[in-house]
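Next one to model:
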Amino acid sequence: MDGGPAEHEEATRVWAVMREFVERNSPRHRLRQALGDGLAKGRGKVMVLLMLGEGPRSLGDIAEAQHIDPPYATAIVDQLESLGLAARTADPDDRRRKVVTLTAQGRAAVATAREIVAEPPAELVELTAAELAGLAAVLDRLTAARR
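Numbering: from 1, shown residues only. Here you go, the predicted structure:
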């Protein structure tokens, strides 16, 4: 691709189609149905919940990993606690720090969220093996370009 006007116009069209496909197949609606509005409304709580599924984290770790301000991380954890999905405890290595862990209900929510997020859209499942391989190759190339 030489990057001329025709290529730019086609790239713009493809980008619009990709955005529409991703937005149309967003798991938000299924997450809201399965987990309730309190959790699935807003992306932050689900992202933190999934992160906590990998193990306990401090509030600072959550803020850094999610690229959010510490007060916002605290607000998200407050909401997860109010929903009975997470609990804060003192860090055994540094009593000044708080560690956030999942409750049993939180672990169940993580399992449900992972299942929903991992389910590919029907349109992808309907592609042939060759089409999937071609799409994967293009996406791998696009992803590698940003690393």
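
for the host helix or strand of R30, packing partners?
Assigned by DSSP states H and E, R30 belongs to helix 28-35. Helix 28-35 is packed against helix 37-40, helix 104-118, with contacts defined by 3 or more Cβ pairs under 8 Å, 6 or more residues apart in numbering; DSSP states H and E. All C-beta atoms are positioned from the backbone trio N, CA, C, and that covers glycine.

Reformat those helices as JSON lines; add distance to Y72 and mean pLDDT.
Putting the helices and strands packed on helix 28-35 into JSON lines (distance: least, Cβ to Cβ, whole Å; pLDDT from 0 to 100) gives the following:
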{"stretch": "helix 37-40", "distance to Y72": "16", "mean pLDDT": "74"}
{"stretch": "helix 104-118", "distance to Y72": "19", "mean pLDDT": "95"}
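
Please name whichever of these is nearest to L59.
helix 104-118 (15.8 Å; Cβ to Cβ).

any idea how far that closest one is from the chain center?
Chain-centre distance of helix 104-118: 12 Å, with Cα atoms, centre = their mean, to the nearest Å.

following that helix, which helix or strand shows up next?
helix 122-125.

Tell me the helix or strand right after that following helix.
Assigned by DSSP H and E, the successor of helix 122-125 is helix 129-145.

Contacts for that next one, please.
If you take Cβ atoms under 8 Å, 6 or more residues apart in numbering as the criterion, helix 129-145 is touched by L124, L127.
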